[in-house]
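S.K.: Can you look at this prediction? I've put the sequence above it.
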Amino acid sequence: MSVESSLGSSNGGRPLNPVRTYGVPRYRVTLVREGRAIPVTESVHTSEGAVAILRPLFTGLDREQFLICGLDAKHGLIGINVVSTGSLNLTIVHPREVFKPLILMNAGAWLCAHNHPSGDITPSPEDRVLTKRLREAGDLFGIPLLDHLVLAEERYYSFADQGWPGA
(Lines give C-alpha, C1' and ligand atoms only; values in the text may rest on other atoms or scores of the structure.)
Protein backbone atom coordinates (compact mmCIF):
# COMPACT_ATOMS: atom_id res chain seq x y z
CA MET A 1 0.00 0.00 0.00
CA SER A 2 1.39 3.36 -0.95
CA VAL A 3 1.52 6.30 1.40
CA GLU A 4 -0.81 8.29 -0.85
CA SER A 5 -3.47 5.59 -0.98
CA SER A 6 -3.37 5.03 2.76
CA LEU A 7 -3.68 8.77 3.43
CA GLY A 8 -6.40 9.16 0.87
CA SER A 9 -8.42 6.23 2.17
CA SER A 10 -8.26 7.38 5.78
CA ASN A 11 -9.60 10.70 4.62
CA GLY A 12 -12.73 9.21 3.13
CA GLY A 13 -11.24 9.23 -0.33
CA ARG A 14 -10.93 13.03 -0.44
CA PRO A 15 -7.62 14.45 -1.55
CA LEU A 16 -5.55 15.97 1.20
CA ASN A 17 -5.08 19.72 1.39
CA PRO A 18 -1.88 20.74 -0.30
CA VAL A 19 0.99 21.53 1.97
CA ARG A 20 1.10 25.26 2.66
CA THR A 21 4.48 26.79 2.24
CA TYR A 22 5.60 29.59 4.48
CA GLY A 23 5.85 32.93 2.76
CA VAL A 24 8.37 35.45 3.98
CA PRO A 25 6.56 38.70 4.81
CA ARG A 26 7.51 41.90 3.01
CA TYR A 27 8.16 45.01 5.06
CA ARG A 28 8.31 48.68 4.24
CA VAL A 29 10.58 50.73 6.45
CA THR A 30 9.58 54.35 6.85
CA LEU A 31 10.51 57.29 8.98
CA VAL A 32 7.49 59.10 10.39
CA ARG A 33 7.80 62.80 11.07
CA GLU A 34 6.19 63.94 14.28
CA GLY A 35 4.53 67.34 14.49
CA ARG A 36 7.00 68.83 16.96
CA ALA A 37 9.51 70.94 15.06
CA ILE A 38 12.55 72.83 16.29
CA PRO A 39 13.43 75.92 14.28
CA VAL A 40 17.13 75.98 13.36
CA THR A 41 18.62 78.77 11.32
CA GLU A 42 22.24 77.64 11.25
CA SER A 43 24.29 74.52 10.79
CA VAL A 44 25.62 72.74 13.84
CA HIS A 45 29.36 73.42 13.85
CA THR A 46 30.15 73.77 17.55
CA SER A 47 29.20 72.07 20.77
CA GLU A 48 27.79 75.39 22.02
CA GLY A 49 25.50 75.59 19.00
CA ALA A 50 24.32 72.02 19.51
CA VAL A 51 23.69 72.61 23.21
CA ALA A 52 21.66 75.74 22.42
CA ILE A 53 19.41 73.65 20.17
CA LEU A 54 19.15 70.62 22.45
CA ARG A 55 18.98 72.04 25.97
CA PRO A 56 15.24 72.88 25.74
CA LEU A 57 14.51 69.22 24.94
CA PHE A 58 15.97 68.15 28.28
CA THR A 59 14.41 70.86 30.43
CA GLY A 60 12.55 69.46 33.41
CA LEU A 61 13.36 65.80 32.79
CA ASP A 62 13.79 63.75 35.96
CA ARG A 63 15.16 60.70 34.10
CA GLU A 64 17.99 60.18 31.69
CA GLN A 65 17.08 60.48 28.04
CA PHE A 66 19.34 59.73 25.07
CA LEU A 67 18.69 61.35 21.72
CA ILE A 68 20.37 61.60 18.36
CA CYS A 69 20.52 64.40 15.82
CA GLY A 70 20.86 63.56 12.15
CA LEU A 71 22.81 66.12 10.14
CA ASP A 72 23.09 66.67 6.41
CA ALA A 73 26.37 67.03 4.50
CA LYS A 74 26.71 70.68 5.59
CA HIS A 75 25.86 69.78 9.20
CA GLY A 76 22.38 71.23 9.00
CA LEU A 77 19.95 69.54 11.35
CA ILE A 78 17.72 67.02 9.55
CA GLY A 79 15.93 65.57 12.54
CA ILE A 80 16.02 64.49 16.16
CA ASN A 81 15.06 61.09 17.53
CA VAL A 82 14.70 60.05 21.17
CA VAL A 83 16.39 56.66 21.30
CA SER A 84 15.87 55.83 24.95
CA THR A 85 14.34 57.10 28.17
CA GLY A 86 15.67 55.47 31.29
CA SER A 87 15.79 56.00 35.02
CA LEU A 88 17.37 58.56 37.31
CA ASN A 89 20.92 57.50 36.47
CA LEU A 90 20.75 55.06 33.56
CA THR A 91 19.35 54.68 30.08
CA ILE A 92 19.99 51.71 27.83
CA VAL A 93 21.25 52.49 24.33
CA HIS A 94 22.01 49.99 21.58
CA PRO A 95 23.62 50.92 18.24
CA ARG A 96 20.79 49.17 16.38
CA GLU A 97 18.25 51.71 17.68
CA VAL A 98 20.66 54.58 17.10
CA PHE A 99 21.42 53.91 13.44
CA LYS A 100 17.98 52.91 12.18
CA PRO A 101 16.62 56.50 12.19
CA LEU A 102 19.95 57.95 11.03
CA ILE A 103 19.94 55.73 7.97
CA LEU A 104 16.27 56.45 7.27
CA MET A 105 16.80 60.23 7.46
CA ASN A 106 19.83 59.94 5.12
CA ALA A 107 22.14 61.51 7.67
CA GLY A 108 25.64 62.43 6.52
CA ALA A 109 26.84 62.93 10.11
CA TRP A 110 25.30 62.95 13.56
CA LEU A 111 25.66 63.85 17.17
CA CYS A 112 24.13 62.44 20.30
CA ALA A 113 23.25 63.83 23.67
CA HIS A 114 21.92 62.68 26.98
CA ASN A 115 21.19 64.35 30.25
CA HIS A 116 22.38 63.75 33.78
CA PRO A 117 19.51 64.75 36.08
CA SER A 118 21.96 64.75 39.02
CA GLY A 119 23.62 67.87 37.61
CA ASP A 120 27.06 66.19 37.43
CA ILE A 121 28.26 66.35 33.82
CA THR A 122 31.14 63.93 34.36
CA PRO A 123 30.74 61.04 31.88
CA SER A 124 30.38 57.65 33.52
CA PRO A 125 32.58 54.74 32.44
CA GLU A 126 29.50 53.39 30.63
CA ASP A 127 29.13 56.72 28.78
CA ARG A 128 32.73 56.40 27.60
CA VAL A 129 32.30 52.80 26.42
CA LEU A 130 29.08 53.68 24.61
CA THR A 131 30.68 56.67 22.91
CA LYS A 132 33.59 54.56 21.67
CA ARG A 133 31.21 51.90 20.39
CA LEU A 134 28.97 54.43 18.62
CA ARG A 135 31.95 56.18 17.01
CA GLU A 136 33.22 52.88 15.65
CA ALA A 137 29.77 51.95 14.34
CA GLY A 138 29.37 55.37 12.76
CA ASP A 139 32.68 54.97 10.97
CA LEU A 140 31.57 51.56 9.75
CA PHE A 141 28.28 52.95 8.40
CA GLY A 142 29.94 56.03 6.92
CA ILE A 143 27.96 58.33 9.22
CA PRO A 144 30.57 59.94 11.48
CA LEU A 145 29.72 60.87 15.06
CA LEU A 146 30.66 64.53 15.51
CA ASP A 147 30.05 64.79 19.26
CA HIS A 148 28.45 63.21 22.29
CA LEU A 149 27.11 65.78 24.73
CA VAL A 150 26.23 65.23 28.38
CA LEU A 151 23.89 67.95 29.58
CA ALA A 152 22.90 69.14 33.02
CA GLU A 153 20.81 72.18 33.96
CA GLU A 154 23.45 74.82 33.30
CA ARG A 155 26.58 72.96 32.21
CA TYR A 156 27.53 70.41 29.58
CA TYR A 157 30.36 68.06 28.66
CA SER A 158 31.46 67.60 25.05
CA PHE A 159 33.45 64.48 24.19
CA ALA A 160 34.72 66.14 20.99
CA ASP A 161 35.85 69.31 22.79
CA GLN A 162 37.75 67.15 25.30
CA GLY A 163 39.53 65.15 22.55
CA TRP A 164 37.35 62.02 22.92
CA PRO A 165 39.02 60.77 26.14
CA GLY A 166 38.38 57.11 26.80
CA ALA A 167 36.20 56.88 23.73
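M.R.: Received, thanks. Nothing here was measured: the structure is a model prediction, and the numbers come from that model. Numbering: from 1, shown residues only.
S.K.: List the contacts of residue 63.
M.R.: Residue 63 makes contacts with 85, 86, 87, 88, 91, 117, as judged by C-beta atoms under 8 Å, 6 or more residues apart in numbering. Placement of C-beta: from N, CA and C, glycine included.
S.K.: can we see that at 6 Å?
M.R.: Residue 63 makes contact with 85, 86, 87 under the criterion C-beta atoms under 6 Å, 6 or more residues apart in numbering.
S.K.: Helix or strand: which one has residue 148?
M.R.: Following DSSP states H and E, one finds residue 148 within strand 145-151.
S.K.: which of the contacts of residue 63 lies closest to residue 148?
M.R.: When these are compared for distance to residue 148 (C-beta to C-beta), residue 86 wins out at 15.9 Å.
S.K.: Could I get the phi/psi values of the closest one?
M.R.: Per-residue torsions, residue 86: phi -120, psi -130 (degrees, to the nearest 10).
S.K.: Do I have it right that it meets residue 64?
M.R.: Yes - at 4.5 Å, residue 86 counts as touching residue 64 under the criterion of C-beta atoms under 6 Å.
S.K.: which one of the two has more residues nearby?
M.R.: Neighbour count, other C-beta atoms under 10 Å: between residue 86 and residue 64, residue 64 has more, with 22 against 14.
S.K.: so what's that one scoring on pLDDT?
M.R.: In this model, residue 64 is scored at 96, pLDDT.
S.K.: Also residue 10?
M.R.: Residue 10 is given a pLDDT of 58.
S.K.: Low-confidence bits of the protein, can you list those?
M.R.: Applying pLDDT under 70 to the chain picks out residues 1-15, 36-42, 167.
S.K.: got the end-to-end distance for stretch 86-100?
M.R.: Start to finish, the residues bounding stretch 86-100 are 19 Å apart (C-alpha to C-alpha, to the nearest Å).
S.K.: List the buried residues in it.
M.R.: Of the residues in stretch 86-100, 91, 93, 95, 98, 99 count as buried by neighbour count, 16 or more other C-beta atoms under 10 Å.
S.K.: Output the residues you listed as TSV; include the columns distance to residue 112 and secondary structure.
M.R.: Below are the buried residues of stretch 86-100 laid out as TSV (distance: C-beta to C-beta, whole Å; DSSP: H, G, I helix; E, B strand; the rest coil):
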residue	distance to residue 112	secondary structure
91	11	coil
93	8	coil
95	11	helix
98	7	helix
99	11	helix
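S.K.: of all these, which two lie farthest apart?
M.R.: 91 and 99 (16.9 Å).
S.K.: For residue 91, list the residues it contacts.
M.R.: Residue 91 neighbours (C-beta under 6 Å, 6+ apart): 64, 66, 84.
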